[in-house]
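**Student:** turn this into a structure:
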Amino acid sequence: MEKEAGLKKAWDMLWNPAKESKLNVDVLGALKFYYKAGILGMLIYWIVGTMLISAGISIARYMPLIPYRPYLISYLSFAFLIFSGILYFLILVPIGMIINSLVYHAVGKYLLEAWNGSYEKTFAAVAFSEIPLVLFFWIILLPFVRIFMAIFAFWQIIILIVALSVQQRTSRTDAFVVILATLILSILFAILVMAFAFPSFLPFSMRGVYNNVYPV
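**Tutor:** Residues are numbered from 1 along each chain as shown. Here you go, the predicted model:
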């Protein structure tokens, strides 16, 4: 299992998710699979960021009017690079995986009845879908090409559709509908939260209804 769930498996997941997402893992196994790819992505992120910061330092040597400030900015940038890498790859993404899996599973199994499989299957599919973004997250550091992150976000959705259909043994159409329904419900929930927290967020025509129902 460990051999199958290594970095080669993660790389192959990018190009043939229909085959590679058949990997049978529990939640812990899916987390291990993610962290192998996530740590690699973090290292690449640090390397690219360090190269960019180093380039900035070399340019600062030709700025005699501010001989110290560029170096200070570079040191702070390097500290932020290390901190942001640890926070994103090792903490935020895994937390997001857990939450997203819970929501997808609730919508897919209990609301739309698109599958009857376990939560660990949904979690595995979500973990597999994170591979494009974590391996290519370093692109966000490059000002002129960071727009291409949209491609990897789209790639992530494609892998998620395929992996959900494989793991939960449902059709790709059903998997897509679950993802779309989850997105719509999340947007509606966010709107409701904003409306209750900040009534001014509502259109003017609806504020009177809000004030009548929930006088403040």
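
**Student:** so where is the protein shaky, pLDDT-wise?
**Tutor:** Across the chain, the ranges flagged by pLDDT under 70 are 1-5, 56-74, 197-216.

**Student:** can you map out the helices along it?
**Tutor:** All helices of the chain, identified by DSSP state H, fall at 7-15, 17-20, 27-60, 69-85, 93-105, 119-129, 131-135, 149-167, 172-197, 204-213.

**Student:** tell me which of those sits nearest to residue 143.
**Tutor:** helix 27-60 (9.6 Å; Cβ to Cβ). All C-beta atoms are positioned from the backbone trio N, CA, C, and that covers glycine.

**Student:** what angle sits between that closest one and helix 93-105?
**Tutor:** 130 degrees (axes from the mean of the first three to the mean of the last three Cα atoms, to 10 degrees).

**Student:** give the buried residues for helix 27-60.
**Tutor:** Neighbour-count burial for helix 27-60, with 16 or more other Cβ atoms under 10 Å as criterion, is recorded at 27, 29-38, 40-42, 44-46, 48-49, 52-53, 60.

**Student:** packing partners of that helix?
**Tutor:** For helix 27-60, the elements it packs on are helix 7-15, helix 69-85, helix 93-105, helix 119-129, helix 131-135, judged by 3 or more Cβ pairs under 8 Å, 6 or more residues apart in numbering; DSSP states H and E.

**Student:** what count of nearby residues applies to the closest residue to residue 107 other than its chain neighbours?
**Tutor:** Using Cβ to Cβ, 6 or more residues apart in numbering and skipping residues adjacent in sequence, the residue nearest residue 107 is residue 182, 4.9 Å away. By other Cβ atoms under 10 Å, the residues close to residue 182 number 19.

**Student:** do I have it right that residue 182 meets residue 104?
**Tutor:** Yes - using Cβ atoms under 8 Å, residue 182 is in contact with residue 104, at 5.7 Å.

**Student:** alright, I will stop here.
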